[in-house]
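S.K.: Next comes the sequence, and after it the predicted model I'd like to discuss.
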Amino acid sequence: MILNLDPKFAPFQNQEEIKFQSFTFSGGEPHIKIAPDFDANRKVTITHRLNSFNDLGLLCVTVDALRRMDVKIIDLFIPYFPAARQDRVMIPGEPLSVKVYADIINAMQLNKVFVFDAHSEVTPALLNNSTVIPNYTFIKAVLENIGNDVKLISPDGGALKKIYKVSEFLGGVEVVECSKSRDVKTGKLSGFKVYEDDLQGMDCLIVDDICDGGGTFVGLAEELKKKNAGKLYLSVSHGIFNKGFEVLNCFDGIFTTNSFKDFEGDSVQVIGLDQLV
Ligand SMILES: O=P(O)(O)OC[C@H]1O[C@H](OP(=O)(O)OP(=O)(O)O)[C@H](O)[C@@H]1O
């Protein structure tokens, strides 16, 4: 059975849904009332786009309510893992935020926790009983839109291992390795390298987990164009796009999923997770 905490997000279409009402108390506390007309002996999968501490609060009270209804087996599907990029302490005084979220979820003693395309190996390492759903079928769906005659672009060393697995899944689509550097003091992006001399007009698809402000991809696109890239496409599993799509107008197509939020308009092509999981 499925309990979709976000009414706009229902990735598992074929399962029977548990009904509930959720609201926020005047003091700001999330609350839920779950309709008791379901078989508590069955496994319940909660789905949630867990993007903030408020979402986490609703999840915590939901798990508590289910436990009090005697539900023994609870799975969780949170496609975007919050703070997954805060997976190391860069400067003393900063938190290891990904562990804060993981510890809270671990305390719920869930049967399985599913995450879509985790930022790094730190998330599943910290999260008990976790399964990372890879981005393979997402990228396959992107290629169904733009064609197979592209090179896959890995923006940095951290993404390399994943992109070679994507390439293998797709039957050996060629990978171009790139790297990015940051200013040690400010943490700001300072440069990109593309480890191929001439892209000879080939179309390029950048594959990454998250687009936030987009600086990574705009900078990389400039370097790819300097190396004679043809059309440029961007695919990110989790679209935050906090600076909008104007900044990304160097791309001939942008693809993402609905793991983080929904999108309106045609600036981005969204491949829903219901088609991928
Ligand atoms: O859209 P932007 O604002 O440019 O951010 C997107 C980039 O941020 C994340 O990597 P991050 O730089 O955090 O990776 P790291 O773990 O290698 O530092 C993500 O994997 C993208 O590469």
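M.R.: Everything's here; your move. A quick note: this is a predicted structure, and the numbers were derived from the prediction, not measured.
S.K.: Up against the ligand, what does the stretch 51-200 of the chain have?
M.R.: Arg85, His119, Pro155, Asp156, Gly158 (Cβ under 6 Å from any ligand atom). C-betas here are computed from N, CA, C, even on glycine.
S.K.: Would you convert the residues you listed into a markdown table that also reports pLDDT, neighbour count and secondary structure?
M.R.: Listed next are those as a markdown table, based on pLDDT from 0 to 100; neighbours: other Cβ atoms under 10 Å; DSSP: H, G, I helix; E, B strand; the rest coil:
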| residue | pLDDT | neighbour count | secondary structure |
| --- | --- | --- | --- |
| Arg85 | 95 | 16 | coil |
| His119 | 95 | 22 | coil |
| Pro155 | 93 | 24 | coil |
| Asp156 | 89 | 17 | coil |
| Gly158 | 83 | 16 | helix |
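S.K.: Most widely separated two among the residues you listed?
M.R.: Arg85 and Pro155 (13.6 Å; Cβ to Cβ).
S.K.: in the stretch 51-200 of the chain, which spans are helices?
M.R.: 53-68, 97-106, 122-126, 136-146, 160-169 (DSSP state H, counting those that start in this stretch).
S.K.: of all those helices, which lies closest to Asp212?
M.R.: helix 97-106 (14.7 Å).
S.K.: How far off centre is that closest one?
M.R.: Distance of helix 97-106 from its chain centroid, counting by Cα atoms, centre = their mean, to the nearest Å, is 17 Å.
S.K.: same question, stretch 59-74
M.R.: So, by Cα atoms, centre = their mean, the centroid of stretch 59-74 is 25 Å from its chain's centroid.
S.K.: Now distance to Thr216 too, for the residues of the stretch 51-200 of the chain next to the ligand, in CSV please.
M.R.: Below are these laid out as CSV (distance: Cβ to Cβ, whole Å):
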residue, distance to Thr216
Arg85, 12
His119, 13
Pro155, 6
Asp156, 8
Gly158, 11
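S.K.: so who does Pro124 touch?
M.R.: Val115, Ala118, Ser130, Thr131, Val132 (Cβ atoms under 8 Å, 6 or more residues apart in numbering).
S.K.: per-residue confidence for the first one?
M.R.: Note for Val115: predicted pLDDT of 98.
S.K.: ok, now the third one?
M.R.: Per-residue confidence for Ser130 comes out at a pLDDT of 98.
S.K.: okay, now it: neighbour count?
M.R.: Applying other Cβ atoms under 10 Å, we find 21 residues neighbouring Ser130.
S.K.: Would you confirm that it contacts Phe116?
M.R.: No: the pair Ser130 / Phe116 is not scored as a contact, 11.5 Å apart, by Cβ atoms under 8 Å.
S.K.: Break the protein down into its domains, please.
M.R.: Annotated domains of the chain cover 2-133, 135-275 [the TED database].
S.K.: which other helices and strands contact the lowest-mean-pLDDT helix or strand in the chain?
M.R.: Ranking every helix and strand in the chain by mean pLDDT, DSSP states H and E puts strand 189-194 at the bottom, with a mean of 92. Counting by 3 or more Cβ pairs under 8 Å, 6 or more residues apart in numbering; DSSP states H and E, the packing neighbours recorded for strand 189-194 are strand 175-182, helix 215-226.
S.K.: can you put the helices of the stretch 51-200 of the chain in JSON lines and add mean pLDDT?
M.R.: Below are the helices of the stretch 51-200 of the chain laid out as JSON lines (pLDDT from 0 to 100):
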{"stretch": "helix 53-68", "mean pLDDT": "96"}
{"stretch": "helix 97-106", "mean pLDDT": "97"}
{"stretch": "helix 122-126", "mean pLDDT": "98"}
{"stretch": "helix 136-146", "mean pLDDT": "98"}
{"stretch": "helix 160-169", "mean pLDDT": "95"}
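S.K.: Identify whichever of these lies nearest to Leu3.
M.R.: When the helices of the stretch 51-200 of the chain are ranked by proximity to Leu3 (Cβ to Cβ), helix 53-68 comes first, at 7.0 Å.
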